[in-house]
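Trainee: return a 3D structure for these sequence lines:
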Amino acid sequence: MTTLYLTMTEKLSEHWKAHRNVYPRKFVLSPALRDEYLKCLGWMTGNQGRTVTLPEKHMGVRIEVDESSPGVMVAADGTEVLLRQ
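Mentor: Now for the predicted structure:
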């Protein structure tokens, strides 16, 4: 299974390729996906078991948390791309 961190990075890379290196508007995570992202971040930084705070951005793209979101990347043109199928 691919981690959410890697999924977000892949979606960003695909967006760059499709939109001439233009950044998407933002990532919108549900609270559950936020927690998963923080867990992945803890693994990557060696901070498992410690408090990890949500960064403002993932690779330069703003991160928001919305309880009603299924977890999407909002493309430069406003299109929402699901992070998980």
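Trainee: and the one helix or strand D35 maps to, average pLDDT?
Mentor: Using DSSP states H and E, D35 maps to helix 31-45. Taken as a whole, helix 31-45 has a mean pLDDT of 89.
Trainee: buried set for that helix?
Mentor: Buried positions in helix 31-45, judged by neighbour count with 16 or more other C-beta atoms under 10 Å: L33, R34, E36, Y37, L38, C40, L41. From N, CA and C alone the C-beta is placed, and that goes for glycine too.
Trainee: for that helix, packing partners?
Mentor: On a contact count with 3 or more C-beta pairs under 8 Å, 6 or more residues apart in numbering; DSSP states H and E, helix 31-45 meets helix 4-18, strand 61-65.
Trainee: what about the first one, average pLDDT?
Mentor: By that I understand helix 4-18. Per-region confidence: helix 4-18 scores 96 on mean pLDDT.
Trainee: show residues contacting stretch 36-44.
Mentor: 3-6, 8, 29, 47-50, 52-55, 58, 63 (C-beta atoms under 8 Å, 6 or more residues apart in numbering).
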